[in-house]
Every structure is written in structure tokens, then in C-alpha cells.
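# structure here, sequence nowhere to be found:
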């Protein structure tokens, strides 16, 4: 299984539209630079896995853009590890998985039934704390330990 970054997005303000980008700086202090949620100590970066997202979209019978999930990173080539304590590595960047990303009511505002479709098997992704920063870009190889 080869994992890689398929998407990067930030919200410059809480609840602002997600802005996709091709590369990003990741820091311990701010998560992904210019993302409003990056300063939250344990929920700095949210990671969504493409296979899980596609399952959720199939469950509601719609094709939605991954950024509608409001995650920072989209990882292709696999599924959520469904456990805390693991480390997602992207080059020199290390992200500690601290919790499942719980789908909220914003998902149902995006599309009816999406919140429920994201609940099984950690389909909503994981929240991570930055343990080591660096630069990332679309296409970078990802490993999970």
C-alpha cells in the first residue's frame, strides 16, 4: 500500500471556506501555516483518507469534493488507521494521531446524511498534533507507524 498526499487545504478563519494549496509549511506552533485551527494543541491538523471519503460519498449517493469535509490533508492509497498513538510521517514532518475526527452538524449542512455516513470506521479521519514540522506538498509519500 503506497500512501501519498492527494490534497492540502486550510481555513484562514474558523468556518471560512477551505482554500486548497499545492504545498504547505507545518510547524509545532501553528499546525499548517495560515490555518485557523492549527494552534489548538491536540487538534492541529485533520487528516482524511480518500478511500474512507469515497465510502461516505457512496453511502449518501453523491460525489462531493474532499474539501467539503473541512480536513487539512487528504491521503490517497489507504484508509484511516482507526487508532490513536500512531505517527503519520511525511518527509521530515511527524504528526501524532490523537483522536478520531468526530463529524459535526456542519457535515449535514453540506449534504443530508453526510455526518452519519462519516461515523463508521473512522471515515471522518483523524486529528493530529505536530511533533516535528517541515514542508509538505501534494504527491509526497506518507507512512503510518
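Looks like it arrived, so ask away. A quick note: this is a predicted structure, and the numbers were derived from the prediction, not measured.
# ends of stretch 94-105, how far apart?
Start and end residues of stretch 94-105 are separated by 30 Å (Cα to Cα, to the nearest Å).
# check which residues of that stretch are buried.
Within stretch 94-105, the residues that qualify as buried by neighbour count (16 or more other Cβ atoms under 10 Å) are 94, 95, 96, 97, 98, 100, 101, 103. In short, each C-beta sits where N, CA and C put it, glycine included.
# residue at max distance from the center of the protein?
Within the chain, the residue lying farthest from the chain centre (Cα atoms, centre = their mean) is residue 61, at 21.8 Å.
# phi and psi next, for it.
In terms of degrees, to the nearest 10, the main-chain angles of residue 61 are phi 70, psi 30.
# can you check the pLDDT for it?
The per-residue pLDDT reported for residue 61 equals 96.
# quick one: it and residue 112, what's the gap?
Applying Cβ to Cβ, to the nearest Å, the value for residue 61 to residue 112 is 10 Å.
# what does residue 134 give?
Residue 134 is 39 Å from residue 112, where distance means Cβ to Cβ.
# cool, and residue 80?
From residue 80 over to residue 112 the distance is 23 Å, taken as Cβ to Cβ.
# these two: which is more packed in?
When neighbours are counted by other Cβ atoms under 10 Å, residue 80 and residue 112 differ, and residue 80 comes out ahead with 22 against 12.
# you'd agree the more buried one is in a helix?
No - read with DSSP: H, G, I helix; E, B strand; the rest coil, residue 80 is coil and lies in no helix.
# quick check: it touching residue 127?
No - counting by Cβ atoms under 8 Å, residue 80 does not reach residue 127; the two are 11.2 Å apart.
# overlap in contacts, the two.
Between them, residue 80 and residue 127 have residue 100 as joint contacts when contacts are counted by Cβ atoms under 8 Å, 6 or more residues apart in numbering.
# where does pLDDT dip in the chain?
For the chain, the stretches flagged by pLDDT under 70 are 1.
# how about 80 then?
Within the chain, the segments meeting pLDDT under 80 span 1, 39-42.
# quick check, residue 108 in a helix?
Yes - secondary structure of residue 108 (three-state DSSP): part of a helix.
# give me the neighbour count for it.
14.
# which parts of the longest helix anywhere in the chain are buried?
Taking DSSP state H as the criterion, the chain has its longest helix at helix 50-60. For helix 50-60, a neighbour-count test (16+ other Cβ under 10 Å) marks 50, 52, 53, 55, 56, 57, 60 as buried.
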